[in-house]
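Undergrad: Sequence and predicted structure are below.
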Amino acid sequence: MIRRGSEFGRSGMDEKTELLKILAKAEADVNAGRVAPIEDTFTNLREKLYREMLIIK
């Protein structure tokens, strides 16, 4: 069952605004170097797993 914002006492616009604020803060964290972009995280993970696979073989 999909719940709509009005079922929780908030309008859909409020939820969209809150999501945009969260995304803006996350982007600011990446730009300030406090966290790495998700692409970097997965790239590093793939490289580590690949290296471990080569060692195991």
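TA: Okay, I see it.
Undergrad: Show me the residue at the heart of this protein, geometrically.
TA: In the chain, the residue lying closest to the centroid (CA atoms, centre = their mean) is Ile38, at 6.6 Å.
Undergrad: For that one, give me the pLDDT.
TA: pLDDT, Ile38: 87.
Undergrad: contacts for the lowest-mean-pLDDT helix or strand in the chain?
TA: Lowest on mean pLDDT, DSSP states H and E among the helices and strands of the chain sits helix 38-56, with a mean of 90. For helix 38-56, contacts defined as CB atoms under 8 Å, 6 or more residues apart in numbering pick out no residues. Yep, even glycine has a C-beta here, placed from its N, CA and C like the rest.
Undergrad: how distant is that helix from the center of its chain?
TA: Distance, stretch centre to chain centre, for helix 38-56: 19 Å (CA atoms, centre = their mean, to the nearest Å).
Undergrad: and the angle from the helix or strand where Glu15 lies to helix 38-56?
TA: Glu15 belongs to helix 12-31 when assigned by DSSP states H and E. Here helix 12-31 points in a direction 60 degrees away from that of helix 38-56 (axes from the mean of the first three to the mean of the last three CA atoms, to 10 degrees).
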